[in-house]
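[1] give me a model of this one.
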Amino acid sequence: MIQAVSALTYLSRAAHMAREKAILPWVLIPALFNLILFGSLYYLAGTSISDWISSWADTSITGFWSFLEPAVDFLIGAAVFLVWVLLLALFASVFTIAVQLVAAPFMGLLAERTDQRVCAAPLPDESIGAMIWRTFKREIRKTWDWIWRSALVLLVVLIVWLIPGVNVFASAIWFLWSGWLLGAQYIDYGADTRQVSFTEMKKRLQNQRWLVLSFGCIVLALTMIPLVNLLIMPIAVMAGTLIWLEALSEMPLKSTELASG
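    Numbers count the residues shown, from 1 in each chain. Model prediction:
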């Protein structure tokens with residue numbers, strides 16, 4: 001419970017910091033990128049499926065059964081509406097994972113600005129191009145590392161789901177695992193900014209495992225809310241960077257942040 005409160009505090013501080021003029025552009029860029037990409041793909045997919053349904057059912061009913069035409073039109077309209085709703089739910093859960101890979105460079109820049117805001121130590125000397133390439137490569141490595149681990153956890157979840165009386169815990173296991181991954185994902189941006197290896201980052205997560213889990217589960221719950229998931233990502237990157245600097249590393253902090261933390 002205490003760690004959940006700490007996680008919420010970090011998110012609240014990140015949301016407050018996001019309104020600062022020096023950081024706001026780096027929050028809006030990934031949020032706008034997410035919104036444009038999400039909106040474009042959502043519109044194209046929804047329009048294509050809706051047009052297919054309409055064209056498939058575009059036959060007039062004549063003769064004795066013509067009285068059914070209004071009901072058929074209603075069902076077609078309901079089917080199209082349902083497609084848009086289901087697509088929104090699907091994109092809300094799947095889109096976040098895809099965006100984390102595509103928008104990794106934007107998130108890396110945001111983590112860098114957050115680090116500069118709170119940390120007294122200078123950042124490693126590196127060009128923007130080198131940072132973008134390093135961040136993208138690290139994101140690919142994280143994705144592969146967590147895909148095969150998730151496959152093993154999914155196997156456990158399926159086994160638990162098949163056991164009567166115990167299968168009620170299957171969803172909880174998967175939710176907690178997904179929360180842990182998401183917490184590690186956002187905290188890693190702060191570690192990567194300081195060029196801490198991925199292996200070392202994972203070791204340090206164990207020192208604050210309940211904080212990482214609480215943080216990830218809260219963010220995961222927020223990402224399940226359509227549209228909110230597009231805005232929570234930059235805030236989570238900032239909060240994860242704060243967690244890395246203040247709870248998982250020994251970096252010197254600026255006095256103002258020490259007082260607010």
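[2] okay, now the unreliable bits of this structure?
    56-73, 88-104, 226-227, 230, 255-261 (pLDDT under 70).
[3] how close does Val160 sit to Val166?
    For Val160, the distance to Val166 (Cβ to Cβ, to the nearest Å) stands at 6 Å. In short, each C-beta sits where N, CA and C put it, glycine included.
[4] err, Ala7, not the other one
    29 Å.
[5] and if you look at Trp133?
    Taking Cβ to Cβ, one finds Trp133 at 46 Å from Val166.
[6] got it, and Met233?
    In terms of Cβ to Cβ, Met233 sits 34 Å off from Val166.
[7] what do you get for Ser150?
    Distance from Ser150 to Val166, by Cβ to Cβ: 21 Å.
[8] these two - which one has more neighbours?
    Neighbour count, other Cβ atoms under 10 Å: between Ser150 and Val166, Ser150 has more, with 15 against 11.
[9] wait, the more buried one sits on Trp180?
    No - taking Cβ atoms under 8 Å as the definition, Ser150 is not a contact partner of Trp180, at 10.3 Å.
[10] could you find the closest non-adjacent residue to Trp244?
    Nearest residue to Trp244 in three dimensions, chain neighbours excluded: Gly190, at 3.1 Å (Cβ to Cβ, 6 or more residues apart in numbering).
[11] pretty sure Ile23 is touching Thr114, no?
    Yes - between Ile23 and Thr114 there is a contact at 6.8 Å, judged by Cβ under 8 Å.
[12] between the two, point out the one with more neighbours.
    Thr114 (28 against 19).
[13] on that earlier part again, which residues do Ile23 and Thr114 both contact?
    Met17, Met238 (Cβ atoms under 8 Å, 6 or more residues apart in numbering).
[14] and for stretch 17-32, what's in contact with it?
    Contacts of stretch 17-32 (Cβ under 8 Å, 6+ apart): 103, 106-107, 109-110, 113-114, 117, 230-231, 233-235, 237-238.
[15] ends of it, what's the gap?
    The straight-line separation of the ends of stretch 17-32 (Cα to Cα, to the nearest Å) is 18 Å.
[16] contacts only, for Thr232.
    Let me fix one detail, which is that residue 232 is Ile and not Thr. Residues counted as contacts of Ile232 (Cβ under 8 Å, 6+ apart) are Val219, Leu222, Thr223.
[17] what is the nearest of those to Trp84?
    The closest of the contacts of Ile232 to Trp84 turns out to be Thr223 (Cβ to Cβ; 19.9 Å).
[18] and that closest one, how many neighbours?
    Around Thr223 there are 21 residues (other Cβ under 10 Å).
[19] tell me the SS of Pro164?
    coil (DSSP: H, G, I helix; E, B strand; the rest coil).
[20] ok, it to Trp148 distance?
    29 Å.
[21] quick check: the residue nearest to Trp244 is in a helix.
    Yes - assignment of Gly190 by three-state DSSP places it within a helix.
[22] isn't it up against Ala239?
    No - Gly190 lies out of contact with Ala239 (Cβ under 8 Å); the separation is 9.5 Å.
[23] tell me which residues of stretch 6-25 come out buried.
    The neighbour-count check on stretch 6-25 (16 or more other Cβ atoms under 10 Å) flags Ser6, Ala7, Tyr10, Leu11, Arg13, Ala14, Ala15, Met17, Ala18, Ile23 as buried.
[24] now the terminal residues of stretch 113-126, how far apart.
    Stretch 113-126 has an end-to-end distance of 14 Å (Cα to Cα).
[25] show me where the stretch 51-200 of the chain has its helices.
    Assignment of helices within the stretch 51-200 of the chain using DSSP state H, counting those that start in this stretch yields the ranges 69-102, 104-118, 128-161, 170-193, 198-205.
[26] what packs against the fourth one?
    Counting by 3 or more Cβ pairs under 8 Å, 6 or more residues apart in numbering; DSSP states H and E, the packing neighbours recorded for helix 170-193 are helix 104-118, helix 128-161, helix 198-205, helix 209-223, helix 228-243.
[27] angle of the fourth one against helix 228-243?
    So the one you mean is helix 209-223. Per axes from the mean of the first three to the mean of the last three Cα atoms, to 10 degrees, the angle that helix 209-223 makes with helix 228-243 is 160 degrees.
[28] perfect, I'm done here.
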